[in-house]
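Peer 1: The following comprises the amino acid sequence and a computationally predicted model.
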Amino acid sequence: MNKQYDDEVLRVEDLTVYYETDEGIAKAVNNLDLVVRKGKTVGLVGETGSGKTTTALSILRLIPDPPGVIKSGKVILDGMDIYSLTEGEMDMVRGFHASMIFQDPMTALNPVMTVGDQIAETLRIHEGLNKADSIAKAQEMLKVVGIPPERAKEYPHQFSGGMKQRVVIAIALACQPKLMIADEPTTALDVTIQAQVLREMKELREKFDMSMIMITHDLGIIAQMCDEVAVIYAGRIIEFGELREIFKDTKHPYTQGLFDSLPKINDDRDMLQPIPGLMPDPMELPEGCAFAPRCKYATEKCNQVIPPKHYFTDTHYAACWRYEDPEFKL
Amino acid sequence: MSEHLLEVNHLKKYFKTGKGTVQAVDDISFTLDAGKTLGLVGESGCGKSTTGRTILRLLEPTDGQVIFEGKDIAKLKPAEMRRMRQEMQMIFQDPFSSLNPRKTVEELIGEPLKWFKVHKTKAEQKEHVAKLMDIVGLAPRLANVYPHELDGGRRQRIGIARALALDPKLIVCDEPVSALDVSIQAQVLNLLKELQKEYNIAYIFITHDLSVVNHISDDIAVMYLGQIVEKAPSKELFTNPTHPYTKALLSAIPIPDPDLQVEQIPLKGEISSPINMKRDCHFAARCPYATEVCLASTPELVDRGNEHFVACHLF
């Protein structure tokens, strides 16, 4: 369990999510704990299949069921116990208390509805506005994300990728949620457009005093956008800390491996240092630490027992057995 | 005879569409020596992939020359071109869609050997495939599996083995690591570097990822709307970027270090349409420094010393 804070917007405790299929059970998220405080942005970083998106979808109860099953855990969002709400209550939570931005703006928007109507729809459902008011507010939201309000009458195909993602952001922000979950929001965009969108997201989260979960595989975006970082591997957070703790005092061998794999702009190394091997199949997770088979520091114990959190400061922990030895350093 | 392995002169590739002519590649020139890497970078739609494909004559050039080992390949007859193809290969971005799902790893890697009748017997070919698998780091037990059973990194290794099979002198790599996770991306980048050293292969490395291109390239050419706007040795380009677009592009890369956050140079708007472009600087509409002269004519790529070429009226 994580430390309690007075200003928690989100608390996830012991979340375990499986996908139960004919081929077997994929253990996507395993006993995951996460706390997001008011006004803070937490980065969730990990590779394909590490469980980032499943975690996000579980928070909003959007896991496709079947095959997805929430096996255990508790999610407290804005004081509400999410897993005890009815479907009707959940509809009000989504968009109003927390909303989500998906990676691909091309598929997140309805192609046969004007963008203005798509933003207005959210406002009518959640805030009970009438048609005229909701459209006026939708135009205002477009202005907030840097799109001329007169374009409210246009359809998604008339917008470029960067503009579409701004429309998605406008929908997500329309009801001023306390928490925004952004799942790879700029991965489909070119780098100069990504820079524009990230800059806007930064301004907007301050303007609306929002907390954010930023899901990405890009450590550069984490460094630019986040206050705290959770590194996720095989469905577990294996290291958590404030931004500088993760980047400047890296503790987990996997986090270190991620940094060593990155080609850097100001870097003359001839060869990169990749992490050997692959992430384990979530259907066949190893018994002990999931990273042990790829870890050069692994011992017998690492292969047998799942490591607990080892705290270095109040805010920084790594799930690694090797820190039982006070002399151990990466 | 040219001393360079590859010489591209004033290459153009236009596509006629209902709305007008798309000037996808618009007068590009560069040279590449054996065993070296030229990085081609730019954003979606800048013409970098079309350039790569036109150089291999997978697309017929509209105008200009592609001189490979002293021969203008645009002028080769089909039979000669077919022979030439052994020397020039390609690695594609998406290892999920570029491999035939109904062929095994061994069949996939053996395909180019079969097409060019490199071996007389099946046993010889099998041996060659085994050697190629070893070179790219695919375990022998994978010979009889199908691509869908493999992860992206291993599939990309199949693509690399296929490209290597005929001992090419040039490989055009079109975003070969963009679909891979960083830890796997590093494995594949290291492999490409090792192969280059071992076999003296030249690469044209097409990517939108500037940190990857810096790592692998000797020279880098930055493209914008079908033209090279800046070209220089990698180190020179990154320490001394000159074209306003290159500067903006470099400043837009998120740097994975909280202490090295640079001031971004914001760009106005988005890339404009490549259809029926005017004879202006194509970047002028988004350039923070544009003046009237930028709208009047297209700037030439000029050598500013240190093999650093820039196409900008302001310099």
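Peer 2: Looks like it arrived, so ask away.
Peer 1: how would you label the residue of the stretch 101-250 of chain A found nearest chain B: helix, strand or coil?
Peer 2: In the stretch 101-250 of chain A, the residue that lies nearest chain B is A:Gly220 (2.9 Å; Cβ to the nearest Cβ). Any C-beta I mention is one placed from the backbone N, CA and C, and that applies to glycine too. Here A:Gly220 is helix, with the state taken from DSSP: H, G, I helix; E, B strand; the rest coil.
Peer 1: Up against chain A, what does the stretch 101-250 of chain B have?
Peer 2: B:151, B:153, B:181-187, B:189-190, B:193, B:208, B:210-212, B:214-216, B:238, B:248-250 (Cβ under 8 Å from any Cβ of the partner chain).
Peer 1: residue contacts, the residue of the stretch 201-315 of chain B found nearest chain A?
Peer 2: Using Cβ to the nearest Cβ, the single residue of the stretch 201-315 of chain B nearest to chain A is B:Pro254, 2.9 Å away. Shown in contact with B:Pro254 (Cβ atoms under 8 Å, 6 or more residues apart in numbering or on different chains): A:Gln194, A:Ala195, A:Leu198, A:Asp218, A:Gly220, A:Ile221, A:Ala223, A:Gln224.
Peer 1: Let's see that with 6 Å instead.
Peer 2: If you count contacts by Cβ atoms under 6 Å, 6 or more residues apart in numbering or on different chains, B:Pro254 has them with A:Gly220, A:Ile221, A:Gln224.
Peer 1: Where does the last one fall, secondary structure wise?
Peer 2: So the one you mean is A:Gln224. According to DSSP states H and E, A:Gln224 maps onto helix A:219-225.
Peer 1: What lies in contact with the very next helix or strand once past that helix?
Peer 2: Once the chain leaves helix A:219-225, the next helix or strand it forms, by DSSP H and E, is strand A:228-233. Applying Cβ under 6 Å, 6+ apart, the external contacts of strand A:228-233 come out as A:42-46, A:50-52, A:222, A:237-240, A:242-243, A:246, A:254-255, A:291.
Peer 1: Spatially central residue for chain B, please.
Peer 2: When Cα atoms, centre = their mean is applied to chain B, the residue found nearest the centroid is B:Ile206 (2.8 Å).
Peer 1: Bridge partners for it, pull those for me.
Peer 2: B:Leu40, B:Asp174 (DSSP bridges).
Peer 1: repeat for B:Leu11
Peer 2: Note on B:Leu11: beta-bridge partners by DSSP bridges are B:Ile28.
Peer 1: I'd like to know how many residues surround it.
Peer 2: 22 (other Cβ atoms under 10 Å in any protein chain shown).
Peer 1: OK, contacts around it?
Peer 2: The contact partners of B:Leu11, by Cβ under 6 Å, 6+ apart, come to B:Val25, B:Ile28, B:Pro61, B:Gly64.
Peer 1: pretty sure B:Thr31 is touching B:Glu7, no?
Peer 2: Yes: using Cβ atoms under 6 Å as the test, B:Thr31 is close enough to B:Glu7 to be in contact (5.0 Å).
Peer 1: Now residue 65. Its backbone dihedrals?
Peer 2: Went with chain A since none was named. The phi/psi pair for A:Asp65 (degrees, to the nearest 10) reads phi -130, psi 120.
Peer 1: could you do chain B instead?
Peer 2: Backbone torsions of B:Gln65, given as degrees, to the nearest 10, read phi -120, psi 140.
Peer 1: A:Leu258 now?
Peer 2: According to degrees, to the nearest 10, A:Leu258 has phi -60, psi -50.
Peer 1: got it, and A:Cys320?
Peer 2: Note on A:Cys320: its backbone torsions stand at phi -150, psi 130 [degrees, to the nearest 10].
Peer 1: check contacts around it.
Peer 2: A:His252, A:Pro307.
Peer 1: Then B:Leu6?
Peer 2: B:Leu6 makes contact with B:Leu32, B:Phe68, according to Cβ under 6 Å, 6+ apart.
Peer 1: how does it look with 8 Å?
Peer 2: Contacts of B:Leu6 (Cβ under 8 Å, 6+ apart): B:Thr31, B:Leu32, B:Ile55, B:Val66, B:Ile67, B:Phe68, B:Leu170, B:Ala202.
Peer 1: Can you tell me which of those residues has the most neighbours?
Peer 2: B:Ile55 (27 neighbours).
Peer 1: The stretch 51-200 of chain B: strands as residue ranges?
Peer 2: Secondary structure of the stretch 51-200 of chain B (DSSP state E, counting those that start in this stretch): strands located at B:63-68, B:71-72, B:88-91, B:170-174.
Peer 1: Output those strands as JSON lines; include the columns distance to A:Met106.
Peer 2: Formatted as JSON lines, those follow (distance: least, Cβ to Cβ, whole Å):
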{"stretch": "strand B:63-68", "distance to A:Met106": "34"}
{"stretch": "strand B:71-72", "distance to A:Met106": "41"}
{"stretch": "strand B:88-91", "distance to A:Met106": "26"}
{"stretch": "strand B:170-174", "distance to A:Met106": "22"}
